[in-house]
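Trainee: Just the structure for this:
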Amino acid sequence: MKDEAYAVHGFRASAVCAGLKKDGGLDLALIYSDKEAVGAGVFTRNRVKAAPVLVSQEHIQQGLIRAIVANSGNANACTGDKGLMDTRKTAALVAQALGVRPETVVVASTGVIGLPMDMDKVNKAIPQLVEHLSPKGIPEAAKAIMTTDTFPKTSARTGRASGKTYKVVGIAKGAGMIMPDMATMLCFMFTDLEVDRDTLFESLSWAVDRTFNRITVDGDTSTNDMVVIMANGMAGNGPLTPSEKEGFRHVLEEVAGDLARMIVQDGEGATKLVQVCVRGALDKESALQAARTVANSLLVKTAFYGNDPNWGRIMAALGRSRIDMEERSIDIWIDDVQIVSGGQGRGKDAEERAAKVMEKENYRLTIDLNQGDHEDSVWTCDLSHDYVRINAEYRT
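Mentor: A predicted model of the protein is given here:
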């Protein structure tokens, strides 16, 4: 899509190089709403929370947001009182430059944990951020929040309410330390829909649970994860009907789903995007638990990388997922090639055909427990040599 496709009525964005990244490049982004926007957010459940998460959680409780400022290159996590002071100062500096209240500014950070923020660089860059604000700036903001990402992640959808067309646009970053629990993952979404705060929060939580909480790259939950949405109401619609609220939830889910799959596709060193689908479970929770256990298995993920339909690893992962299951009832497919029936392999020919399927960049692993009527799925990726190299060299 062209930059114009990501423009949302009443929103402007910018990005600059503040010098926070060790290798240079865009590293500071600003998104601004021309009028007060209703805000909602979902944050990491990690007990170790970065300073920007703690401060932004406070600010978003006010219910109104005017701006989001986000940096890459430094997570500002495990930085004590100084980290909190630096976060509040960042919000205050942005608020002063924009002429808004500090508590309407959300601050987000991503990068190396444990390093103090270079506030001199942040302070010098903020006037440039404000000066370069543009309705076409959202794609540049998406680039500025990247760390080990190999491409910027953006998505856009439209919906209708009160006869008016509204837009939802989202940007995200994430490639490693990914298994959201609400990964290092940031997501910001913007809409010109007029929507009350309760509906906005409920819709965001619903969409996040079905998308970002259904992905994993390496099983690690970050200290900095957040998903924040701003709704400025400039589409001109009236109060939402029940069906319009339902439609909005699904538009949000589509945008979040796009971004979530991009994160897994861009998993550090990843070469495969795999949907692990578990069906025939006794309940929804068991289906998700089984899918997540298989999707996080290092042995399964390395088998994905090697195009090896090693179904024994899948069976072993299911066996330690602590769900009710019967080994002799399990069937397994790679796309439409069945490799396990009744808990036993279907032979060399089936595995050879499955191995050919696994050469693709995108396929589905389906597991039928044959215990009940419930199913769920998780998106994951393979684990390659490059994942180890990227993370071994992350700080060096």
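Trainee: measure M117 to T223 for me?
Mentor: According to CB to CB, to the nearest Å, M117 stands 14 Å off from T223. Every residue, glycine included, has its C-beta placed from N, CA and C.
Trainee: same question but for Q128, I mixed them up
Mentor: In this structure, Q128 and T223 are separated by 28 Å, where distance is defined by CB to CB.
Trainee: And those two? Which one has more around it.
Mentor: When neighbours are counted by other CB atoms under 10 Å, T223 comes out ahead of the other of Q128 and T223, with 22 against 15.
Trainee: List the contacts of the more buried one.
Mentor: With contact set as CB atoms under 8 Å, 6 or more residues apart in numbering, T223 has these partners: 44, 46, 48-50, 53, 75, 77-78, 113, 184.
Trainee: Please enumerate the helices of the stretch 1-150 of the chain.
Mentor: Taking DSSP state H, counting those that start in this stretch as the criterion, the stretch 1-150 of the chain carries its helices at 51-60, 80-98, 119-131, 138-144.
Trainee: Which residues outside the helix or strand harbouring M230 are in contact with it?
Mentor: Element membership for M230, per DSSP states H and E: strand 226-231. The list of residues contacting strand 226-231 from outside it, by CB under 8 Å, 6+ apart, reads 11, 31, 33, 37-44, 52-53, 56, 60, 65, 68, 106, 108, 182, 186-195, 200, 204, 208, 212, 252, 256.
Trainee: Which strands border that strand, and is each parallel or antiparallel?
Mentor: Strands flanking strand 226-231 in the sheet, each with its direction: strand 28-43 (antiparallel), strand 186-191 (parallel) (DSSP bridges).
Trainee: just checking, what packs against the helix or strand just after it?
Mentor: Once the chain leaves strand 226-231, the next helix or strand it forms, by DSSP H and E, is helix 242-265. Packing contacts for helix 242-265, counted by 3 or more CB pairs under 8 Å, 6 or more residues apart in numbering; DSSP states H and E, involve strand 153-161, strand 164-173, strand 186-191, helix 197-210, strand 273-281, strand 374-381.
Trainee: for stretch 337-354, which positions count as buried?
Mentor: 337-340, 343, 346, 350-351, 353-354 (16 or more other CB atoms under 10 Å).
Trainee: and the end-to-end length of that stretch?
Mentor: 6 Å (CA to CA, to the nearest Å).
Trainee: Show me the contact partners of that stretch.
Mentor: Residues outside stretch 337-354 that contact it (CB under 8 Å, 6+ apart): 309, 311, 314-315, 326-334, 357.
Trainee: what's the model's confidence in that stretch, averaged?
Mentor: Mean pLDDT, computed over stretch 337-354, is 97.
Trainee: Just give me the neighbour total for the closest residue to I263 other than its chain neighbours.
Mentor: Spatial nearest neighbour of I263, excluding adjacent residues (CB to CB, 6 or more residues apart in numbering): G174 at 4.1 Å. Other residues within reach of G174, judged by other CB under 10 Å, total 32.
Trainee: mind listing what L273 touches?
Mentor: If you count contacts by CB under 8 Å, 6+ apart, L273 has them with 261, 264-265, 361-362, 379, 381.
Trainee: show me where pLDDT drops low in the stretch 1-150 of the chain?
Mentor: Residues of the stretch 1-150 of the chain meeting the criterion pLDDT under 70: 1-3.
Trainee: circling back to that earlier point, who wins on neighbours among the contacts of L273?
Mentor: Scoring these on neighbours with other CB under 10 Å, the highest-scoring entry is C381 at 28 neighbours.
Trainee: Could you verify my assumption that it touches K272?
Mentor: Yes: using CB atoms under 8 Å as the test, C381 is close enough to K272 to be in contact (5.9 Å).
Trainee: Thought A13 was touching G137, still the case?
Mentor: Yes: the pair formed by G137 and A13 meets the contact definition of CB under 8 Å, at 3.5 Å.
Trainee: Have a look at those two and say which one is more surrounded.
Mentor: The residue with more neighbours, out of G137 and A13, is A13; 30 against 24, by other CB under 10 Å.
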